[in-house]
Structure formats: C-alpha cells, structure tokens
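>>> Would you be able to build a 3D model of this:
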Amino acid sequence: MTTPEVSHGRGGAGNINPDNTKYVDGEIVREGPEGSHGDGAFSTGRGGAANIADASAPAAPTRADKEVVPEEATRPSTDAASFHVGRGGAANVHLSTEDKQKHEKYHNPNEGLADKLKHKIFNAFKK
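Numbers count the residues shown, from 1 in each chain. This is a model prediction of the structure:
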C-alpha cells in the first residue's frame, strides 16, 4: 500500500508530500442518556443559541451525562517547557523559566551593537 499524499501548509506543490503519520480523531464525546435530563441547559449542536435546549431549567449540582476524553486526545503539559505557537516570529515563542534565564544571560537588552563588537574583539585575544 502506498503512503497517501497530504497537504501541509497553505498551498503550493511544495506542501504536498507522502505522509505515513497515523492520524486519529480525538473522539471527545459526551456519554449518557440523550436529550433532556432535567439537570439544566444542554447543547444539541455545534453552537449558537438555537442549539441550546432547556435554557430556562435550573442547573443541577451534578449532570446525568459526562465528557469522555480518550488518551489520544490528551497531550503532555507544556507548563515547564518552552513551546511555540502561531505562524512564526519571536512573539510566538514562550520560554520556560530555565530557558528564559539562559536567554537573558547571553542577551542583554541594554547592550548596544558597539558593546557587542567590543566584547567580541577583545574576547578573541583572551583565548
């Protein structure tokens, strides 16, 4: 069996490549009896006020249905790690505390170009 070709990116022939990655559906579902349970408002669709039923019913302390999140739909926490979001650029990089300290050690925001050149030239003779 050949590997399917998948488009990665915004378009163009350079973004269409064979990809043998197994893609899975997160399948986050809500389990329980369908329809009204008498425990408050619930959604019957993808969004919008027309998809909310029992909006006037008071909310119950516990729901008769529950969300089921399978292992495939979870990911490890990035709280203590550096990560990147968005399309690119320094503003989309979120550094961990450790990486932020390393960055600040070598990148002094108060040091100008002349100071950087001076350190580079004089440090070359120290070796």
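>>> what does stretch 82-99 rub up against?
For stretch 82-99, the external contacting residues (Cβ atoms under 8 Å, 6 or more residues apart in numbering) are 78, 80-81, 103. C-beta here means a position set from N, CA and C on the backbone, and glycine is covered the same way.
>>> Can you lay out the residues you listed as JSON lines showing neighbour count and pLDDT?
Putting these into JSON lines (neighbours: other Cβ atoms under 10 Å; pLDDT from 0 to 100) gives the following:
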{"residue": "T78", "neighbour count": "11", "pLDDT": "74"}
{"residue": "A80", "neighbour count": "8", "pLDDT": "85"}
{"residue": "A81", "neighbour count": "12", "pLDDT": "87"}
{"residue": "H103", "neighbour count": "12", "pLDDT": "83"}
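>>> Nearest to D115 among the residues you listed?
Set against D115, the nearest of these by Cβ to Cβ is H103 (17.6 Å).
>>> show me the residues around the nearest residue to A60 once chain neighbours are set aside that make contact.
Counting by Cβ to Cβ, 6 or more residues apart in numbering, the nearest residue to A60 once its immediate chain neighbours are dropped is D39, at 3.6 Å. The contact partners of D39, taken as Cβ under 8 Å, 6+ apart, are 57, 59-60, 62-64.
>>> what's the pLDDT at D39?
At D39, the pLDDT value in this model is 80.
>>> Out of the contacts of stretch 82-99, list just those in helices.
When helices are assigned by DSSP state H, the members of the contacts of stretch 82-99 inside them are H103.
>>> Reformat the contacts of stretch 82-99 as CSV; add distance to H94.
Written out in CSV, the entries for these read as follows (distance: Cβ to Cβ, whole Å):
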residue, distance to H94
T78, 8
A80, 11
A81, 9
H103, 12
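>>> In strands, which of the contacts of stretch 82-99 appear?
Assigned to strands by DSSP state E, none of those qualify.
>>> Which pair of the contacts of stretch 82-99 spans the longest distance?
Greatest spatial distance among the contacts of stretch 82-99 (Cβ to Cβ): T78 and H103, at 17.2 Å.
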